[in-house]
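K.L.:
Could you look at this predicted model? Sequence included:
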Amino acid sequence: MSETPEPPAAPAGRVVLVTGGNRGIGRAIAEAFVAQGDRVAVTTRSGGAPEGALDVTCDVTDPGAVDAAFATIEAELGPVEVLVANAGITADTLLLRMSEDDWSSVIDTNLTGSFRLAKRATKGMLRLRRGRIIFISSVVGLLGSPGQANYAASKAGLVGMARSLARELGSRSITANVVAPGFVATDMTDVLSDDQKTAIRAQVPLGRYADPAEVAAAVTWLAGDGAAYVTGAVIPVDGGLGMGH
């Protein structure tokens, strides 16, 4: 008499999507989720996902590309359970020199792109009756910064969107939170002069830049069981620069 075959094992970990995950903060976040056994997809415009992650090309300013990316991820891994909206750009210049394109390109990528991602991810989360939405904002969105009116506005907008989604989706066990990094050691800050780096560190009570892994730790905590009752929150990872603003 033959034995009844064992049912196939359920896939390990959750399905996590990290946008802009090919470098810097996004890459550290994707690597942290991979390391804890989650099934991770990374979207970028040019490729380059970390090892162990599904590499999906997507321009978040294109609604069709966002929908196609989700279709690919759902077919390969399953419905997205954790969305980390990290993709962003800068176009810094003083207000009187800021062009319409400087403004609209940053808003469309950082804020409207995050709206597109959250809207598409929520479809699957509502069916699952669970989910985590995490927006990567910036201390600049809370404090402001000369020459960054467009960037600060886009990052501040993420806070209002997250808090609205927290109220809208909470009854379905979907949380929406924001992580607001300060100055982080990435290739974007490596190009600064020594004098600029010294001046920046002088503003930070802890006297140093964050490591990208420290931002990733806040994100994985928000996505984990320990933060199941946290929603509508802004978690600063800024060395005290913003003092909770």
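P.N.:
Right, received. Where do you want to start?
K.L.:
Need the distance between the two termini of stretch 16-26.
P.N.:
12 Å (C-alpha to C-alpha, to the nearest Å).
K.L.:
Can you give me the buried ones in it?
P.N.:
16-22, 24-26 (16 or more other C-beta atoms under 10 Å). C-beta: built from backbone N, CA, C; applies to glycine.
K.L.:
Over to stretch 100-108?
P.N.:
Under 16+ other C-beta under 10 Å, the buried positions of stretch 100-108 are 102-103, 105-108.
K.L.:
contacting residues around it?
P.N.:
Outside stretch 100-108, the residues within contact range by C-beta atoms under 8 Å, 6 or more residues apart in numbering are 61, 89-91, 93, 149-151, 153-154, 157.
K.L.:
Show the buried residues in those.
P.N.:
The buried subset of the contacts of stretch 100-108 - by 16+ other C-beta under 10 Å - is 61, 89-91, 149-151, 153-154, 157.
K.L.:
got the contact list for the helix-or-strand element of the chain with minimal mean pLDDT?
P.N.:
One helix or strand of the chain scores below all others by mean pLDDT, DSSP states H and E: helix 187-190, with a mean of 70. For helix 187-190, the external contacting residues (C-beta under 8 Å, 6+ apart) are 23-24, 183, 197, 209.
K.L.:
Try it again at 7 Å.
P.N.:
23-24, 183, 209 (C-beta atoms under 7 Å, 6 or more residues apart in numbering).
K.L.:
Return the set of buried residues in that helix.
P.N.:
Of the residues in helix 187-190, none is buried (16+ other C-beta under 10 Å).
K.L.:
thinking again about what came up before, now render the contacts of helix 187-190 as TSV, adding distance to residue 123.
P.N.:
As requested, the contacts of helix 187-190 are exported to TSV (distance: C-beta to C-beta, whole Å):
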residue	distance to residue 123
23	29
24	29
183	36
209	38
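K.L.:
Could you single out the nearest of those to residue 236?
P.N.:
residue 183 (12.0 Å; C-beta to C-beta).
K.L.:
got the contact list for the closest one?
P.N.:
189, 200, 204, 209-210.
K.L.:
so what pLDDT did it get?
P.N.:
According to the per-residue confidence, residue 183 scores 91 in pLDDT.
K.L.:
Longest strand of this structure, counting residues only.
P.N.:
strand 174-181 (DSSP state E).
K.L.:
who does that one touch, helix- and strand-wise?
P.N.:
strand 131-136, helix 149-169, helix 212-223, strand 234-237 (3 or more C-beta pairs under 7 Å, 6 or more residues apart in numbering; DSSP states H and E).
K.L.:
Now these in JSON lines, please, with extra columns for mean pLDDT and distance to residue 30.
P.N.:
Shown next, in JSON lines, are the helices and strands packed on strand 174-181 (pLDDT from 0 to 100; distance: least, C-beta to C-beta, whole Å):
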{"stretch": "strand 131-136", "mean pLDDT": "98", "distance to residue 30": "12"}
{"stretch": "helix 149-169", "mean pLDDT": "98", "distance to residue 30": "19"}
{"stretch": "helix 212-223", "mean pLDDT": "98", "distance to residue 30": "8"}
{"stretch": "strand 234-237", "mean pLDDT": "97", "distance to residue 30": "17"}
